[in-house]
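Asker: I'll drop the sequence and a predicted model, then ask my questions.
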Amino acid sequence: MGKLFCNATFVPLTDEDARAEALLVDDEGRIAFVGPLEEARERAGGAEEVDLGGAAVLPGLIDPHSHFTGSLQYLLFADLSECTSFAEITDTLREFAAKRRIGPDGVIMGNGYDQNNLVEQRHPDKSVLNAVSTDVPVLITHVSNHMGVANDRLLELAGITPTTPDPEGGRYGRMDGTGDLDGYAEEPAAMNPFYAVTTPRLGLDFNAMIGDMQRIYLEHGVTTCQDGATAPDMAAVLAGLAKA
């Protein structure tokens, strides 16, 4: 047998109260036994014991809906999930851009802000991002990934102006009393013009990043994942990765 895992609470989810003391896997990593520790040791035949230090162990999660190709955002975007104010968003993006040495030909991306966690209790506007850069396009996306905010440079490059109508199924935010854009965009229909600018500037190499993208899922206990709303070019990439 391969390994015997112990000193943990094993929750097989076979019923509400099911618990076990040990888990035994074979040489190929397949689960061979879940149950009492002494019985696991009898079956183990001297297999290596792994002490899990009192952890809880559950079956791997099967993801029914996410965007695997979108997991690259956790590798290439600034993490805004801990920001509690507009000022913290600006500072985080500035530090990220400086560390990555992002110039005018690049793009500054951030992900995970939540207006409910900000002291301002509203979405940031383009002035927050213009404070990061007026030369480099800046885009931040909401924790839901269904809305975001662009700076003036990105609005310019995307061709979004005050006269641009709201697309069907989407909306652009506008300043009260002026009708000028405030940088906010809601739903993919409104955000896709931004992505058309930002994505080519990221210099993506999925073949180089595929290991790290899978690690992100595994670190959250997700052992089977899929990709929702796959673009045609990405379908070919995923097919190639599967063959490899």
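Answerer: Structure received.
Asker: got a list of contacts for the strand of greatest length in the chain?
Answerer: Secondary structure of the chain per DSSP state E: the longest strand is strand 48-57. Strand 48-57 has contacts (Cβ atoms under 8 Å, 6 or more residues apart in numbering) with 2-11, 23. Every residue, glycine included, has its C-beta placed from N, CA and C.
Asker: now stretch 190-197
Answerer: The contact list for stretch 190-197 (Cβ under 8 Å, 6+ apart) reads 107, 137, 139, 141, 147-148, 150, 154, 157-160, 166-167, 170-172, 185.
Asker: per-residue confidence averaged over it?
Answerer: Throughout stretch 190-197, pLDDT has a mean value of 95.
Asker: and if you look at stretch 108-119?
Answerer: In this model, stretch 108-119 carries a mean pLDDT of 97.
Asker: Ends of that stretch, what's the gap?
Answerer: End-to-end distance for stretch 108-119: 23 Å, by Cα to Cα, to the nearest Å.
Asker: Okay, buried residues for it please.
Answerer: Buried residues in stretch 108-119, counted by 16 or more other Cβ atoms under 10 Å: 108-113, 118.
Asker: where's it relative to the chain centroid, distance-wise?
Answerer: 13 Å (Cα atoms, centre = their mean, to the nearest Å).
Asker: what's in contact with it?
Answerer: For stretch 108-119, the surrounding residues in contact (Cβ under 8 Å, 6+ apart) are 73-74, 76-81, 83-86, 89, 92-93, 96-97, 102, 121-124, 132-133, 136-143, 145, 198, 202.
Asker: Filter these down to the buried ones, PyMOL style.
Answerer: To isolate the buried members of the contacts of stretch 108-119 in PyMOL, using 16+ other Cβ under 10 Å:
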select buried, resi 73+77+78+80+83+86+89+92+93+96+97+102+123+124+132+133+136+137+138+139+140+141+142+198
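Asker: In helices only, show me the contacts of stretch 108-119.
Answerer: 73-74, 76, 86, 89, 92-93, 96-97, 198, 202 (DSSP state H).
Asker: For the most far-flung residue of the chain relative to its centre, identify the helix or strand it belongs to.
Answerer: In terms of distance from the mean C-alpha position of the chain, E42 ranks first, at 42.9 Å (Cα atoms, centre = their mean). Per DSSP states H and E: E42 is located in helix 37-44.
Asker: what do you get for D212?
Answerer: Using DSSP H and E, D212 falls within helix 206-219.
Asker: What is that helix packed up against?
Answerer: With contacts defined as 3 or more Cβ pairs under 8 Å, 6 or more residues apart in numbering; DSSP states H and E, helix 206-219 has these neighbours: helix 73-76, helix 232-243.
Asker: residues in contact with it?
Answerer: By Cβ under 8 Å, 6+ apart, the list of residues contacting helix 206-219 from outside reads 63, 68-69, 71-72, 74-75, 223, 225, 237, 241, 244.
Asker: List the buried residues of that helix.
Answerer: For helix 206-219, burial by neighbour count (16+ other Cβ under 10 Å) applies to 210, 213-214, 216-217.
Asker: now the angle between helix 232-243 and that helix, please.
Answerer: Angle of helix 206-219 versus helix 232-243, following axes from the mean of the first three to the mean of the last three Cα atoms, to 10 degrees, is 80 degrees.
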